[in-house]
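> For reference, the sequence and a predicted model appear below.
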Amino acid sequence: MTYSEELREKRKSSLIVVFTLGLASLFMESVRPIWMTNLFEGMSFAQGPLAGFFKILSFFALGLITAAIFFVIHFFKVIYYTIELSRQP
C-alpha cells in the first residue's frame, strides 16, 4: 500500500467520525469503557428509585463529551490528510 492510499484510508475513517458528529468513535474498543462508566455510582442519591435515571444521565453526558472530543480531533485529521494528499504527485 502506498503512502497516498494510506492517507485516503485514514481520511475516509476520519470522515466517518466527522459526518456522524463523533458518535462513531464511541464504539471503538478503547473508548467504550470511558463513556460506559457511571458518574453517580456510590452516591447516596443514586440509590433507590432514581438510580436508573442517574445512570442514563451519566451515559448521555459522558457519551456527548467523548463524541465532541473525537469530532474535533478527527475534524483536524481530515484537514491534515487532505492537505497531505494534495501535496502528493
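Perfect, I can see it now. All values reported here derive from a predicted model rather than from experimental measurement. Residues are numbered from 1 along each chain as shown.

> C-alpha from now on. contacts and neighbour counts both.
Fine.

> max-length helix in the protein?
helix 51-87 (DSSP state H).

> Packing partners of that one?
The contact analysis (3 or more C-alpha pairs under 8 Å, 6 or more residues apart in numbering; DSSP states H and E) places helix 51-87 against helix 3-19, helix 32-35.

> quick one: buried residues of it?
51, 54-55, 58-59, 62-64, 66-68, 70-71, 74-75, 77-78, 81, 85 (16 or more other C-alpha atoms under 10 Å).

> Where does the prediction get shaky in this protein?
Within the chain, the stretches with pLDDT under 70 are 35, 45-46.

> distance of residue 88 from residue 5?
11 Å (C-alpha to C-alpha, to the nearest Å).

> between the two, who's got more neighbours?
residue 5 (11 against 8; other C-alpha atoms under 10 Å).

> measure that one to residue 16 for me?
17 Å.

> before we move on, what about residue 23?
With C-alpha to C-alpha as the criterion, residue 23 and residue 16 are 9 Å apart.

> and residue 27, how many neighbours does it have?
There are 11 residues near residue 27, going by other C-alpha under 10 Å.

> Nearest residue to residue 14 in space, please, no chain neighbours.
residue 74 (5.2 Å; C-alpha to C-alpha, 6 or more residues apart in numbering).

> got it, and residue 23?
residue 67 (5.3 Å).

> my guess is the one you found meets residue 19, correct?
No: Residue 67 is beyond contact range of residue 19, at 11.6 Å (criterion: C-alpha atoms under 8 Å).

> In CSV, list the helices and strands packed on helix 51-87 along with distance to residue 47.
Output for the helices and strands packed on helix 51-87, formatted as CSV (distance: least, C-alpha to C-alpha, whole Å):
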stretch, distance to residue 47
helix 3-19, 36
helix 32-35, 20
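
> With respect to burial, which of the ones you listed scores highest?
helix 3-19 (a mean of 16; mean count of other C-alpha atoms under 10 Å).

> who's in contact with that helix?
23-25, 70-71, 74-75, 77-78, 81-82, 84-85, 88 (C-alpha atoms under 8 Å, 6 or more residues apart in numbering).

> ditto for stretch 41-57
Contacts of stretch 41-57 (C-alpha under 8 Å, 6+ apart): 38-40.
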